[in-house]
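Participant: sequence and predicted structure below; questions after.
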Amino acid sequence: SSMRSCLLAAALVGLWAEASAFTASSSLGLLQKKGIAALGSKLKAAPALRANGRMRMALTMPAPGNLESLDGRLPDCPITKWDVENIDIAAEQEKYRKEGIPESLIEINASEADNAKGLAYFEENKAAIMEKVKVNGAVLLKGFDVSKNAEGFRTVWETLGLNPCLDPIHSSGLRSFFSSKDAVYEEVNKQSLAKHYIGLHNESTFRKTATYGAFVCFNPATVSGGEFFIADGAKIFRDLKTDVLKDIYNRKVRISVSNLDLDFLAGMGPLKEPLMDGFKGLVGSAIAPKFDMDLDMIYGTDGKPTRLQAIEHPQSPINRHPETGKPLWFCNIHNHARYLRDRRPCSVPEVGMTDVYFGDLSKIPAEYVDHINEVSAKHIQTMAMQQGDVLIVDNYRVLHGRDIFEGDRLHAVSWFRKGDENAEFKDAGVLNSMINKLIQ
């Protein structure tokens, strides 16, 4: 009946909405449980309890601090700064080889004296720390007591002069805040994704990119795994085969962020084509804009005629750094390529599967993807973060990911603007509220 068709349409569109937001941004830090209480001044890694398959942490909650709430006051994530024209790949690779690339990860270990200073340590050393982020790409702050809870984590990055912003696809409503008053989002800690390997990616879409990110561990995985890892986009660019890199650069890439299988339409006879067009128009006009991404709704790209895919616009896999002007590997294929997902732990359902194509939607050869995976793996630096450890990254230069884990895990992240952009404030609106209620 027409009523049944309408209900099916609504269900499919709702499923597509959840799935596309789940994979649209590189971090995949979506569909998270929002019910974990925001941390107060202290968090103890007490034994984790389970209710309905969701993690709960036993918290101690002293009197709240005097920090002004940032809830509803964060500016939008800044637009992606693209500078991709006329890159002489061979010459730039050779330049990197001659000049060298600084160590990508600098580790700073807190001494007893450093911890005794509290935030004064970061006030005294903020220029040096941020200079290391600029030169090296990433700084790991280990063993600091002040950052073991959300408020303390916030005071660290505020002291360092970082300017918080919303996640690139916050408007979808599927980015779960761990503590909205402190601009702290939850990472991908959900049990349903514990066995899902998250590959290397920048926190970006074609339209929006955070300038910096600060990742914090509140509780490492209670059994095993869950290590965070990074890789330097400059080193990946330098070491990829020149002919492969040139070919991908010249042909560009397109990222498919969701699959919506409409197999039931195959039996609709003369109504098949009108219904296919109707679904495509509905998703494209009513749902996709809510994610603030440039998406095309396309059937059959992967060979399945009734599979509707949401595909980002063509983009360069190389981008010049907005400050240094140096070319970087700025592509999320290590995370989004289906060829790799099919060969590693992956718990994402079909509707949430991603893929990467050439700009003309032709298939990227397996040997290219294998090579990218090999070079990326060579430059991965893994860290087993402990409670209070904070990793600050240059999000244009440094890609990040997360290994599978067992047990309960609680990591979080805040995103930042450079600070001199025109700040835009957006209301996520009705869809934001509706989807957040659906994933309670």
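Facilitator: Arrived safely, thanks for sending. Residues are numbered from 1 along each chain as shown.
Participant: wait, is A116 part of a strand?
Facilitator: No: the assignment for A116 (DSSP: H, G, I helix; E, B strand; the rest coil) gives helix, which keeps it out of a strand.
Participant: what number of residues lie near it?
Facilitator: Counted with other Cβ atoms under 10 Å, the burial measure for A116 works out to 11 neighbours. For the C-beta atoms, the positions are set from N, CA and C on the backbone; glycine is no exception.
Participant: over to N136?
Facilitator: The local packing count at N136 equals 18, with neighbours defined by other Cβ under 10 Å.
Participant: so what's it up against?
Facilitator: 102-106 (Cβ atoms under 8 Å, 6 or more residues apart in numbering).
Participant: now, those residues that are in strands?
Facilitator: 105-106 (DSSP state E).
Participant: make a ChimeraX selection of the buried ones in the contacts of N136.
Facilitator: Selecting just the buried residues from the contacts of N136 in ChimeraX takes one command, with 16 or more other Cβ atoms under 10 Å as the test:
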select :104,105,106
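Participant: I'd like to know which of the contacts of N136 is nearest to K190.
Facilitator: Among these, L105 lies closest to K190 (Cβ to Cβ), at 26.9 Å.
Participant: in this structure the closest one contacts Q381, no?
Facilitator: Yes: because the distance of 5.1 Å satisfies Cβ atoms under 8 Å, L105 is recorded as touching Q381.
Participant: give the residues shared as contacts by those two.
Facilitator: With Cβ under 8 Å, 6+ apart, L105 and Q381 have common neighbours I230.
Participant: quick one: secondary structure of N125?
Facilitator: Judged by three-state DSSP, the three-state class of N125 is helix.
Participant: over to the one 10 residues further on?
Facilitator: At V135 the chain is in helix, as set by three-state DSSP.
Participant: quick check: nearest residue in space to it, chain neighbours excluded?
Facilitator: Among residues not flanking V135 along the chain, P102 sits closest, at 5.5 Å (Cβ to Cβ, 6 or more residues apart in numbering).
Participant: for the one you found, which residues are in contact?
Facilitator: With contacts defined as Cβ under 8 Å, 6+ apart, P102 is in contact with 135-137.
Participant: about what we covered before: now render the contacts of N136 as TSV, adding pLDDT and distance to S316.
Facilitator: Conversion of these to TSV gives the following (pLDDT from 0 to 100; distance: Cβ to Cβ, whole Å):
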residue	pLDDT	distance to S316
P102	95	24
E103	95	27
S104	94	22
L105	97	26
I106	97	29
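Participant: got TSV for the contacts of N136, with distance to C331 too?
Facilitator: What follows is the contacts of N136, written out as TSV (distance: Cβ to Cβ, whole Å):
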residue	distance to C331
P102	22
E103	23
S104	17
L105	21
I106	25
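Participant: need the max-distance pair from the contacts of N136.
Facilitator: Distance extremes for the contacts of N136: the farthest pair is P102 and L105 at 10.1 Å, using Cβ to Cβ.
Participant: got any residues that touch both of those two?
Facilitator: Among the neighbours of P102, those also in contact with L105 (Cβ under 8 Å, 6+ apart) are 136-137.
Participant: and A234, helix, strand or coil?
Facilitator: When classified by three-state DSSP, A234 comes out as helix.
Participant: from memory it sits against L328, does it?
Facilitator: Yes: applying Cβ under 8 Å, one finds A234 in contact with L328, separated by 5.5 Å.
Participant: what's the burial count for N189?
Facilitator: Taking other Cβ under 10 Å as the neighbour definition, N189 ends up with a count of 26.
Participant: just the pLDDT at it, thanks.
Facilitator: You'll see N189 listed with a pLDDT of 91.
Participant: didn't it look like it was pressed against V413?
Facilitator: No: applying Cβ under 8 Å, one finds N189 not in contact with V413, separated by 11.0 Å.
Participant: what about the stretch 1-150 of the chain, any weak spots by pLDDT?
Facilitator: Along the stretch 1-150 of the chain, the parts satisfying pLDDT under 70 run over 1-65.
Participant: can you pull out the helices in it?
Facilitator: Assignment of helices within the stretch 1-150 of the chain using DSSP state H, counting those that start in this stretch yields the ranges 2-24, 89-99, 112-117, 119-136, 150-159.
Participant: which residues touch E227?
Facilitator: With contact taken as Cβ under 8 Å, 6+ apart, E227 is in contact with 382-385, 402-403.
Participant: and it, what's its pLDDT?
Facilitator: pLDDT, E227: 97.
Participant: count the residues that sit near P305.
Facilitator: Applying other Cβ under 10 Å, we find 12 residues neighbouring P305.
Participant: OK, contacts around H313?
Facilitator: Each residue near H313 by Cβ under 8 Å, 6+ apart is listed here: 206, 254, 294-296.
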